[in-house]
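Enquirer: Structure for this input, please:
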Amino acid sequence: MNKQRIITLKTKEHQGEYVLYWMQQSQRVHYNHALLHAIDHANQFDQPLVVFFGLTPSYPDANERHYHFMLEGLKEVKGILEHFGVNFVFKLGSPEKGIEPYLEKASLLVMDYGYLTFQKIWRKNVWDYTLHKGYKLGIDLVDTDMIVPVRVASDKAEYGAYTLRPKLKKLYQNFRDFTHLPTLKNKQKLSFESDDHLKDIDRLVASLPIDHSVEKSPLYRGGYIEANRLFFDFVQRKLNNYKNSNDPSLDLTSKLSMYLHFGQISSLEILDKLMLASSQGHVDGESLDAYIEQLLVRRELAFNYVTYQKGYDAFETMTEPWAYQTMEAHKDDFHPYVYTQTELEQAKTHDPYFNAAMMEMVHTGYMHNYMRMYWAKKIIEWSSSFKEAYETIKFLNNKYFIDGRDANSYTGIAWCFGKHDRPWTEREIFGKLRYMNDKGLERKFDIKSYVNRVDTVVRKLK
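Expert: Numbers count the residues shown, from 1 in each chain. I've put the predicted structure just below:
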């Protein structure tokens, strides 16, 4: 493992009874550098390993759809870890509090990396707690969800993909650094109480005090096994036509973003498998490059954004000065159509393409990537103010998408308001922000085919 993935927050001062890995962002066994680091140290100390996961019912904007998908993956993780002789502790409650009883006797605490503000606060609170208690354990933070850790790729907010791309291309081969997990030597079973709720996920989710208004997706199931199935289907049937993946009617995307969001599959594993497929002649170079652009450059640009853009999730601080200037200049423009949030959510607009995209989102938890941009641009066009549009987009994004509340989400929304983009020809309502319309969809794609496909899917689900 490349040592630049590891940040040592606190050096070890004593020999405790076990190594503790707080699994939170990287909810997987395969290609998990944090788990690898924890096993290595458990073997070095000849100690057992404890993996802790805390399930908070108050994660910002999360609802039944998100919890169910996540727990399907965690159920797999629990079974695999226990098979490997790892102690898995699952606790209901805020994780930074739930982990406290396990810290005093740990030799080393390993934490995976969280990039969003809420995730950083959790980790800092745990670190502060150990310092306050005077615990002698070591604390290591391991970045395993990025191919190139954000702080290694760049030390500042990048202007766009064109400035980050050359940096990543120079570095990423040095971070193809995972071979296999070592075997855990000390498989002692420790007598920790664990909330045994993962046997019945439906019952667990129903018991949680969360928003139950958005039910689990009837199409997408969580977990590494399902992510792998989708990946191999993508490679076999779609990848060599990926250059046309912007076309919503063709369904050529991998749909792996929701699995990456919960850390159920590693972006590095996807990259390594793609490289293997390419070396065996199964992938053409153009398609490989196009997909790596999304997996490596665009994804890591999103995490660069939430890392270095202060206020990445607030309207007043999420985009560039020129964008705010043009929005201010056009704040009083006449809007021929204005819809309420409820009308948008219920797909009651005059635009059949927007309505189809909205229905795909509400009923399945997914929307084609190109349609996400169009969908958001239409909300800007049909809202009374830019701020209202931003809040509506963010609310609906976080409520319905399985991969909502993600660095990619916040970056994608900000892009619709000029971030990582450039000024365009000035026009009514949008000013110099990029404009998208239905005529563009009709000119570029068989967009009616997309509408028909969504309509078929939704009717089958009702």
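Enquirer: Centroid-nearest residue for this structure?
Expert: Closest to where the C-alpha atoms of the chain average out (Cα atoms, centre = their mean) is H261, at 2.4 Å.
Enquirer: Surely that residue touches D403?
Expert: Yes: at 4.0 Å, H261 counts as touching D403 under the criterion of Cβ atoms under 8 Å. Glycine gets a C-beta too; all of them are placed from N, C-alpha and C.
Enquirer: tell me, how many neighbours does K12 end up with?
Expert: Counted with other Cβ atoms under 10 Å, residues neighbouring K12 total 18.
Enquirer: isn't it right next to D140, touching?
Expert: No: K12 is beyond contact range of D140, at 9.3 Å (criterion: Cβ under 8 Å).
Enquirer: Spit out the residues that contact those two alike.
Expert: L108 (Cβ atoms under 8 Å, 6 or more residues apart in numbering).
Enquirer: Starting from L230, give me the distance back to Q236.
Expert: Computed as Cβ to Cβ, to the nearest Å, the Q236 to L230 distance reads 11 Å.
Enquirer: In terms of neighbours, single out the busier of the two.
Expert: Neighbours per residue (other Cβ under 10 Å) separate Q236 from L230, with L230 holding more: 17 against 11.
Enquirer: who touches the residue nearest to the centre of the chain in this structure?
Expert: I402, D403, D406, N408.
Enquirer: Check the secondary structure at the residue lying closest to S257 once chain neighbours are set aside for me.
Expert: Sequence neighbours aside, D403 is the residue nearest to S257 in space, at 4.6 Å (criterion: Cβ to Cβ, 6 or more residues apart in numbering). Using DSSP: H, G, I helix; E, B strand; the rest coil, the secondary structure recorded for D403 is coil.
Enquirer: Tally up the residues packed near D403, please.
Expert: 21.
Enquirer: Now the phi/psi pair for it, please.
Expert: Phi and psi for D403, reported as degrees, to the nearest 10, are phi -100, psi 20.
Enquirer: Would you mind splitting the chain into its domains for me?
Expert: Per automatic domain parsing, the structural domains of the chain span 3-145, 146-179+223-308, 315-461.
Enquirer: and I210, what does it touch?
Expert: I210 neighbours (Cβ under 8 Å, 6+ apart): P57, A62, N63, E64, Y67.
Enquirer: Restricted to helices, list these.
Expert: E64, Y67 (DSSP state H).
Enquirer: ok so, going back, any idea which of the domains of the chain gets closest to K187?
Expert: domain 3-145 (2.9 Å; Cβ to Cβ).
Enquirer: Counting neighbours, what do you get for A329?
Expert: 12.
Enquirer: What does the pLDDT read for it?
Expert: On pLDDT, A329 comes in at 98.
Enquirer: wait, isn't it in contact with G431?
Expert: Yes: with contact defined as Cβ under 8 Å, A329 counts as touching G431 (5.7 Å).
Enquirer: how close does the residue nearest to the centre of the chain sit to Q346?
Expert: H261 is 26 Å from Q346, by Cβ to Cβ.
Enquirer: all helices for the stretch 251-400 of the chain, in order.
Expert: 257-261, 267-279, 285-292, 299-308, 321-329, 341-345, 352-364, 369-381, 386-400 (DSSP state H, counting those that start in this stretch).
Enquirer: any idea which residue of this protein is furthest from its center?
Expert: Of all residues in the chain (Cα atoms, centre = their mean), F334 lies farthest out, 36.7 Å.
Enquirer: rewinding a little: take the domains of the chain and write them to JSON lines, including distance to K189.
Expert: Listed next are those as JSON lines, based on distance: least, Cβ to Cβ, whole Å:
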{"stretch": "domain 3-145", "distance to K189": "7"}
{"stretch": "domain 146-179+223-308", "distance to K189": "24"}
{"stretch": "domain 315-461", "distance to K189": "34"}
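Enquirer: quick one, which of these is nearest to N186?
Expert: domain 3-145 (4.9 Å).
Enquirer: pLDDT (mean, whole number) over that closest one?
Expert: 96.
Enquirer: in what helix or strand does I139 lie?
Expert: According to DSSP states H and E, I139 maps onto strand 138-142.
Enquirer: now the residue nearest to I380 when sequence neighbours are not counted: how far from D272?
Expert: Nearest non-adjacent residue to I380, counting by Cβ to Cβ, 6+ apart: A389, 4.4 Å away. Distance of A389 to D272, computed by Cβ to Cβ: 40 Å.
Enquirer: Looking at these two, which is more packed in?
Expert: A389 (24 against 16).
Enquirer: I figured the more buried one hits S383, correct?
Expert: Yes: the pair A389 / S383 is scored as a contact, 3.7 Å apart, by Cβ under 8 Å.
Enquirer: I7: what secondary structure?
Expert: strand.
Enquirer: Please name the bridge partners of it.
Expert: Note on I7: beta-bridge partners by DSSP bridges are L141.
Enquirer: Quick one: residues in contact with stretch 422-435.
Expert: So stretch 422-435 is in contact with 322-323, 326-327, 329-330, 333-335, 377, 380-381, 416-418, 421, going by Cβ under 8 Å, 6+ apart.
Enquirer: With stretch 322-329 instead?
Expert: Contacts of stretch 322-329 (Cβ under 8 Å, 6+ apart): F386, F417, G418, K419, P423, E426, F430, G431, K432, L433.
Enquirer: about what we covered before: could I get the helices of the stretch 251-400 of the chain in a markdown table, plus columns for distance to I201?
Expert: Below are these laid out as a markdown table (distance: least, Cβ to Cβ, whole Å):
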| stretch | distance to I201 |
| --- | --- |
| helix 257-261 | 16 |
| helix 267-279 | 24 |
| helix 285-292 | 32 |
| helix 299-308 | 28 |
| helix 321-329 | 42 |
| helix 341-345 | 27 |
| helix 352-364 | 19 |
| helix 369-381 | 28 |
| helix 386-400 | 20 |
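Enquirer: nearest to E104, of the ones you listed?
Expert: helix 299-308 (31.7 Å).
Enquirer: Which strands or helices does that closest one pack on?
Expert: helix 150-153, helix 161-171, helix 407-416 (3 or more Cβ pairs under 8 Å, 6 or more residues apart in numbering; DSSP states H and E).
Enquirer: any idea of the mean pLDDT for the longest one?
Expert: Spelled out, it's helix 161-171. For helix 161-171, the per-residue pLDDT averages 98.
Enquirer: Alpha carbons of that helix, as CSV, please.
Expert: Output in CSV follows, covering the C-alpha atoms of helix 161-171 (Å, rounded to 0.1, in the frame of the first residue of the first chain):
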residue,chain,number,x,y,z
ALA,A,161,-11.0,18.8,-14.9
TYR,A,162,-8.4,20.4,-17.3
THR,A,163,-6.2,21.5,-14.4
LEU,A,164,-6.6,18.3,-12.3
ARG,A,165,-6.3,15.8,-15.1
PRO,A,166,-2.6,16.1,-15.8
LYS,A,167,-1.8,15.8,-12.1
LEU,A,168,-3.8,12.6,-11.7
LYS,A,169,-2.4,11.1,-14.9
LYS,A,170,1.1,11.5,-13.4
LEU,A,171,0.2,10.0,-10.1
